[in-house]
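> could you look at this predicted model? Sequence included:
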Amino acid sequence: MQLGTRWNFGAEPPSRLDADFIDRVRAAEAGFGGEDTTQWRWTLTWLEGRPVAELDATGTVVR
């Protein structure tokens, strides 16, 4: 596993991610409408060369 980066919920994901992965992140974020997400962060890691993003506040994982 390789550590990637962190970014705020709702902010622009890292540009090195492909459009399909970013679409999946956005779909996951859409499921939390109405909640206070101001302190939520995504953590990006790379597992066997593939991106894995985990939402720290909920444990939601996007692969």
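Here it is on my side, so go on.

> so which residues of the protein form helices?
Here the chain has its helices, by DSSP state H, at 19-30.

> for it, name the helix or strand with the lowest mean pLDDT.
Lowest on mean pLDDT, DSSP states H and E among the helices and strands of the chain sits strand 2-8, with a mean of 84.

> residue 52 bridge partners, please.
residue 45 (DSSP bridges).

> thought it was touching residue 44?
Yes: assessed by Cβ atoms under 8 Å, residue 52 is found in contact with residue 44 at 7.3 Å. C-beta: built from backbone N, CA, C; applies to glycine.

> the more surrounded of the two?
For residue 52 versus residue 44, neighbours defined as other Cβ atoms under 10 Å are more numerous around residue 44 (21 against 16).

> please name the nearest non-neighbouring residue to that one.
residue 4 (3.5 Å; Cβ to Cβ, 6 or more residues apart in numbering).

> can you give me the neighbour number for the one you found?
Using other Cβ under 10 Å: residue 4 sits among 17 other residues.

> mind listing the strands the least confident helix or strand of the chain pairs with, and their directions?
Here, using DSSP bridges, strand 2-8 pairs with strand 41-47 (antiparallel).
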